[in-house]
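> sequence and computational prediction follow.
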Amino acid sequence: MGYVFFDTETTGLSPAFDQILHFAAIHTDHELKELDRFEVRSRLQPHVVPHPAAMLTNRLPIELLVDRGLPTHSEMVAEVRHKLLAWSPAVFAGFNSIGFDEEMLRNALFQTLFHPYLTSGTGCGRADAYGLVQTACALSSGCLAVPLKVDGRRDFRLASLLDANGLGSEDAHDAMSDVLGTVALCRMVKDRSPDAWQRFVRLSNRAAVAEIVDEEEGFVLTEFYGGEAYHRAVVCIGVSPDNRHGRFCIDLDHDPDGWDRMSDDEVRAEVSRKGTPLRRLRVNGAPTLTPLEEADDLMPGIDVETAREVARRYRAAGEIGARLIRIYTDNWRVTEPSLYPEACLYSGGLINDEDSRLCDEFHDAPWKERTAIAARLTDPRLRSLATRLVYSEHRSLLSKEDQASADRALAERLLYADGGPLTLGAALDALEVLIANTDPGSLALLSMYRTYLLDRIARAKSFCKGG
């Protein structure tokens, strides 16, 4: 099985309310030899307001984003889906991809009525090169050159690592350039730290992670904060009540009997403090794990047999784990579903079989038939998203009344959205701050965006007034 390395450029940091503007991917074999590459851009959707900081970081002028020669967002997503399915099964990876790029991809698929969990398909794996390079540096200190930030902490940003290891590019933050850099880093780690690479491969498999977490009498969990690796011997004590892939683990330095001598309030304070002994992980999130018998390099002097004995005691006294999880999660609030359907990927439940079939029918049908198909969807999220797709792609297919209603809803969203997407006014405020503090070389890009925002604000206000 090969690998698919991918990266995105986006309008901002919100998977629900921002969009992918540039998607790039490289398909390799198991030896990281390139087999194919792919990239595609999209123009801006009518309801999305780019954050000026994202435009500055990615050096994206507004003229490019509204170029009608580019594919629409739904056309781009369809192309991405087609290519990734053709390369599957594979291990999907990127640099901080699990934390960001994969979430952007999932939401893009969801909002265009495709199955959102493409990278979790049968036989596929998920991994993150960001964790790989940190693990490699923890296991093999000379594996990579890691620069320091001004405050003395290690700098694991992709561009910084590439520069420090002679792999830099003038096109930092270009999606394809970042994918090429990520592949180059992975090749370097694979050659210089084979152990780290093998862990990366093994832990990309959710079933393999679940077997270690759920079955082992203890293991080492490695977490990274501020560029530093922190190792703990832990054992799994239960499943997260809000996510079947989530697990709670307990630090084996804490004696099981000690919890019985603590009140619920004392337990709550202990498991909620900074550096809590109660740790959380997701078995589908490519965590960094090490068997206890291999832990001596990471935790010199660890008494493996003592750790295993403590782990067995936690496992035998299941009521301890249940109590810790109950107390820790007591104050978790059930949040109300968002008023915005695009923010409800995880809160609205799985898509049922009939709606999945209708989504396929929606994509196979001519545009003129899609409004009727949208109306048959039972999931209100999908029905709303489908109607928005028709409006964005072929507005003239809607009735005059529906066009007017959608136009007004768009104008109000751009101006007044509360607790959801970025508004034109908020973008303008953020832009003014950037302009006041930016270098002269960036002023032209930001000034063009300012002109765009002012014009769009004026038109949206005029429409809301009925002008």
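Received the coordinates, thanks. On a predicted model such as this, the values are computed, not experimentally measured, just so you know. Numbers count the residues shown, from 1 in each chain.
> wait, R280 touches G246, no?
Yes: using C-beta atoms under 8 Å, R280 makes contact with G246 at a distance of 6.4 Å. From N, CA and C alone the C-beta is placed, and that goes for glycine too.
> what's the neighbour count on A436?
A total of 7 residues lie near A436 under the criterion other C-beta atoms under 10 Å.
> mind checking which helix or strand it is in?
Per DSSP states H and E, A436 falls inside helix 424-437.
> quick one: that helix to chain centroid distance?
From the chain centre to the centre of helix 424-437 is a distance of 26 Å (C-alpha atoms, centre = their mean, to the nearest Å).
> mind listing what's buried in it?
Residues of helix 424-437 classed as buried by neighbour count (16 or more other C-beta atoms under 10 Å): L424, A427, L428, L431, L434, I435.
> one more: stretch 155-164?
In stretch 155-164, the ones that count as buried by 16+ other C-beta under 10 Å are D155, F156, L158, A159, S160, L161, L162, D163.
> kindly report the same for stretch 246-258.
Under the neighbour-count criterion of 16+ other C-beta under 10 Å, stretch 246-258 has G246, R247, F248, C249, I250, D251, L252, H254, P256 buried.
> likewise stretch 390-404?
Within stretch 390-404, the residues scored as buried using 16+ other C-beta under 10 Å are V390, Y391, S392, L397, L398.
> which of the residues you listed fall within helices?
Using DSSP state H, V390, Y391, S392 are the members of these that sit in helices.
> between these, which is nearest D67?
S392 (15.9 Å; C-beta to C-beta).
> that closest one and Q45 touch, don't they?
Yes: S392 lies in contact with Q45 (C-beta under 8 Å); the separation is 6.0 Å.
> what residues are shared contacts of these two?
Taking C-beta atoms under 8 Å, 6 or more residues apart in numbering as the contact rule, S392 and Q45 both touch T72, H73.
> may I see the buried residues of stretch 452-467?
For stretch 452-467, by 16+ other C-beta under 10 Å, it's Y452, L453, R456, I457, A460, F463.
> so of those residues, which ones are in helices?
Those of the buried residues of stretch 452-467 lying in helices (DSSP H): Y452, L453, R456, I457, A460, F463.
> wouldn't the first one be in contact with I62 here?
Put plainly, it is Y452. Yes: the pair Y452 / I62 is scored as a contact, 4.7 Å apart, by C-beta under 8 Å.
> give me every residue that touches the most centrally placed residue in the chain.
Closest to where the C-alpha atoms of the chain average out (C-alpha atoms, centre = their mean) is F100, at 2.7 Å. Under the criterion of C-beta under 8 Å, 6+ apart, the neighbours of F100 are T8, L13, P15.
> try it again with 10 Å
F100 makes contact with D7, T8, T10, L13, P15, G94, D128, Y130 under the criterion C-beta atoms under 10 Å, 6 or more residues apart in numbering.
> neighbours of the nearest residue to G142 once chain neighbours are set aside, how many?
In space, and not counting its chain neighbours, G142 is closest to R192: 7.8 Å by C-beta to C-beta, 6 or more residues apart in numbering. The number of residues packed around R192, counting by other C-beta under 10 Å, is 14.
> which SS class is D18?
Of the three states, D18 takes coil under DSSP: H, G, I helix; E, B strand; the rest coil.
> so what sits against both of R280 and G246?
Common neighbours of R280 and G246 (criterion: C-beta under 10 Å, 6+ apart): S240.
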